[in-house]
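> show me how the following folds:
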Amino acid sequence: MNPINRRHLLNRFGLGLGGLALSEMLAAESSTTDHGVLGGTHLPPKAKRVIYLFMSGGPSQIDLYDHKPLLNQRHGEQLPDSVRGGQRLTGMSGNQSSIPMVGSPFKFAPYGPSGATLSELLPHTASIAEEICFVKSMHTESINHGPGVTFFQTGSQIPGRPSFGSWLSYGLGQGNANLPSFVVLITKGKGGQPLGAHLWGSGFLPTRHQAVQLRAAKDPVLYLGNPNGVSPTSRRLLLDRLKELHEHQFTTTPDTEIQARIDQYEMAFRMQTSIPEVTDLSGESAATLESYGPDVKTPGTFAANCLLARRLAESGVRFIQLYHQDWDHHGGLPGALPRLCKETDQPAAALIKDLKQRGLLEDTLVVWGGEFGRTNYCQGKIQPNFGRDHHPRCFSIWMAGGGVKPGTVYGETDEFGYNVVKDGVHVHDFQATILHLLGIDHERLTYKFQGRRYRLTDVHGHVVKGILA
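Got it, this is the predicted structure:
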């Protein structure tokens, strides 16, 4: 006996009325998602696109942005119980008999109209302080890397939900018909915690909304080029015949994934021209290349990816996600942090300047941050090349352009750098605010799956109005 699925069942019984209704419903969904299910924004958008610079591993806010002189004054003393408040520690430092506070070995100075304190490791970021909104009061429930990164990218600590860029693709559609709406770039050759494809996957949304990862290779996308002996004309003819077969299948089995497959084949064909064009940096001026630093000419570096991000933004890509790994400094922080800042500081600042010079910063939101911060105490014994443990209670990120208030500092931590004492910003608040800047009410961008409606912010989140311009 041949198996029968529920779509065939609906078509074969009840005079096919169930199948007709299902077909109409799926066709309607397919037609709306081509241009975004929302068909527009809920409110006037301040940003049209996002470039998200994700520093995977948990950068130390204590040594970069949130200067705490008291830690240097009380270097080596035990973290007071009144400050810790019985809060959970990781298994890597929770069993330490001693929890000695440790000050930053790096010098700090105030910059910009807000007087934001920045480490000496970030001279280029300091030069654009007037463009940046520093948020020093981020907090999260996640205390380990996997759940922490997943939470920021998908709104859940458990893998399987749609990623941020996928929600935007689903809600607002494509900005350029020849390029994907969501692109991922990962710095080549970095260690640290692994990054899984679930971080840029579409989860239960249609697969057409997942990200396209661009690689540092001859073909930035796998199988982008035609095999030897296959001309573009032959490829076009093949896709036309394949499309006809898929459309025939859709008439009897109205599954949106069939339409998604057709769309992805067509996108892949268009990308054979558009991707080589957008990834070709040869037309950039010498001054632009120099501004991003010496690594910009090496494919796959953070500098090269930042420049590529600007080109993708300029070409209409809606969400560009950059990952830079190896910020997890349980030991060796004084030696490792300067190296990582050298790799990222100049390119990130150059990206802001480049966007502004081209008139793109006004409607491009740039975000810099990791999944949590680092402790104000030393992991293990104090030594010259010490390390810090994970700290979800408070950490710093920064945002620029796209409708955020420039040259400002939002939120405050206590004098020990251990707890938020003013204007806390939760991960869901952060996500709700980005959606708001893009013109989306985070409570109204939903998708029904397994009997309930889901959204990026789940059932939480408030727009942080204090950072809006």
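> tell me the pLDDT at residue 9?
Residue 9 carries a pLDDT value of 50.
> list the contacts of residue 152.
By Cβ atoms under 8 Å, 6 or more residues apart in numbering, the contact list for residue 152 reads 54, 140, 369, 371, 427, 430. From N, CA and C alone the C-beta is placed, and that goes for glycine too.
> same check, this time on residue 321
Residue 321 touches 52, 54, 153, 164-165, 182-185, 200, 211, counting by Cβ under 8 Å, 6+ apart.
> one more time with 10 Å
Neighbour list for residue 321: 50-54, 153, 163-165, 182-186, 199-200, 211, 213, 309, 367 [criterion: Cβ atoms under 10 Å, 6 or more residues apart in numbering].
> before we move on, what about residue 183?
165, 200, 211-214, 220-221, 275, 278, 308-309, 312-313, 315, 317-322.
> now swap in residue 462 and tell me
425-426, 428-429, 432-433, 436, 442.
> and the strands in the stretch 251-400 of the chain?
319-324, 364-369, 373-374, 390-391, 395-400 (DSSP state E, counting those that start in this stretch).
> tell me the phi and psi of the nearest residue to residue 447 once chain neighbours are set aside?
Excluding its sequence neighbours, the residue lying closest to residue 447 (Cβ to Cβ, 6 or more residues apart in numbering) is residue 454, at 5.5 Å. Main-chain dihedrals, residue 454, degrees, to the nearest 10: phi -110, psi 160.
> now, which of the contacts of residue 321 lie within helices?
153, 164-165, 309 (DSSP state H).
> for these, give me a markdown table that also has pLDDT, distance to residue 355 and neighbour count.
A markdown table is the format used below for the ones in helices among the contacts of residue 321 (pLDDT from 0 to 100; distance: Cβ to Cβ, whole Å; neighbours: other Cβ atoms under 10 Å):
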| residue | pLDDT | distance to residue 355 | neighbour count |
| --- | --- | --- | --- |
| 153 | 98 | 23 | 27 |
| 164 | 98 | 20 | 23 |
| 165 | 98 | 18 | 28 |
| 309 | 98 | 9 | 26 |
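> ok, those residues vs residue 294, which is closest?
residue 309 (18.2 Å; Cβ to Cβ).
> what about the helices in this structure?
Using DSSP H, helices in the chain cover 6-12, 17-33, 61-64, 69-73, 81-84, 123-126, 145-154, 164-172, 232-252, 256-279, 286-291, 302-314, 333-357, 427-437.
> contacts for the fifth one?
So the one you mean is helix 81-84. 78, 99, 101, 376-377, 393, 414-419.
> ok, so of these, who is nearest residue 252?
residue 393 (56.2 Å).
> surely the closest one is in contact with residue 418?
Yes - under the criterion of Cβ atoms under 10 Å, residue 393 makes contact with residue 418 at 6.4 Å.
> shared neighbours of those two, which are they?
Shared contacts of residue 393 and residue 418, counting by Cβ under 10 Å, 6+ apart, come down to 84-85, 87, 375-376.
> most neighbours among those, please name it.
residue 376 (30 neighbours; other Cβ atoms under 10 Å).
> now for residue 108: which residues touch it?
63-69, 116-122.
> need those in TSV (columns: distance to residue 344 and neighbour count).
Listed next are the contacts of residue 108 as TSV, based on distance: Cβ to Cβ, whole Å; neighbours: other Cβ atoms under 10 Å:
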residue	distance to residue 344	neighbour count
63	14	24
64	11	26
65	14	25
66	18	26
67	19	23
68	23	22
69	26	12
116	18	26
117	19	20
118	14	24
119	13	26
120	15	14
121	10	21
122	9	21
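> now, those that are in strands?
116-119 (DSSP state E).
> a markdown table please, covering those and showing distance to residue 404.
Below are the ones in strands among the contacts of residue 108 laid out as a markdown table (distance: Cβ to Cβ, whole Å):
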| residue | distance to residue 404 |
| --- | --- |
| 116 | 14 |
| 117 | 19 |
| 118 | 18 |
| 119 | 22 |
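> which one of those residues is nearest residue 360?
residue 116 (23.4 Å).
> now the buried members of the contacts of helix 81-84.
99, 101, 376-377, 393, 414, 416-419 (16 or more other Cβ atoms under 10 Å).
> of these, just say which sits nearest to residue 344.
residue 417 (21.8 Å).
> thought the closest one was touching residue 74?
No - contact criterion Cβ under 10 Å: residue 417 and residue 74 do not qualify, at 11.6 Å.
> shared neighbours, the two?
68, 101, 103, 376.
> now tabulate the residues you listed in JSON lines and tack on distance to residue 466.
JSON lines is the format used below for the shared contacts of residue 417 and residue 74 (distance: Cβ to Cβ, whole Å):
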{"residue": "68", "distance to residue 466": "22"}
{"residue": "101", "distance to residue 466": "30"}
{"residue": "103", "distance to residue 466": "29"}
{"residue": "376", "distance to residue 466": "25"}
